[in-house]
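# can you look at this prediction? I've put the sequence above it.
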Amino acid sequence: MLENTGFLLRFSSIIAKGIELTLTNQIRLKRRPS
């Protein structure tokens with residue numbers, strides 16, 4: 001049980017990082033004048 005929760009926490013943190021990077025990239029693209 002403890003190993004499972006630790007895996008979920010690590011997995012969710014990785015997903016959060018990916019979402020954060022994607023959002024920052026989208027904001028940069030939107031700010032960039034076309």
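On my side now, so go ahead.

# how far out from the middle of the chain is whichever helix or strand residue 3 is part of?
Here residue 3, judged by DSSP states H and E, is contained in helix 2-31. Distance of helix 2-31 from the chain centroid (CA atoms, centre = their mean, to the nearest Å) equals 2 Å.

# ok, residue 8 to residue 2 distance?
The gap separating residue 8 from residue 2 is 11 Å, by CB to CB, to the nearest Å. For every residue, glycine as well, the C-beta is placed using N, CA and C.

# the two: which is more packed in?
residue 8 (10 against 6; other CB atoms under 10 Å).

# any idea how far the more buried one lies from residue 14?
Noted for residue 8: a distance of 11 Å to residue 14, by CB to CB.

# for stretch 20-34, what does the pLDDT average out to?
Stretch 20-34 carries an average pLDDT of 88.

# which parts of it are buried?
For stretch 20-34, burial by neighbour count (16 or more other CB atoms under 10 Å) applies to no residue.

# distance from that stretch to the middle of the chain?
14 Å.

# quick one: residue 6 from residue 18, how far?
Relative to residue 18, residue 6 is positioned 19 Å away (CB to CB).

# what of residue 12?
The span separating residue 12 from residue 18 equals 11 Å under the rule CB to CB.

# for residue 8, same thing?
16 Å.

# same question for residue 4.
Distance from residue 4 to residue 18, counting by CB to CB: 21 Å.

# swap in residue 32?
Residue 32 is 21 Å from residue 18, by CB to CB.

# how about residue 24?
11 Å.

# equivalent analysis for residue 30, please.
As defined by CB to CB, residue 30 lies at a distance of 19 Å from residue 18.

# also residue 25?
For residue 25 relative to residue 18 (CB to CB), the value is 11 Å.

# same question for residue 31.
21 Å.

# same check, this time on residue 2
Between residue 2 and residue 18 the distance is 25 Å, computed by CB to CB.

# with that, I have no additional questions.
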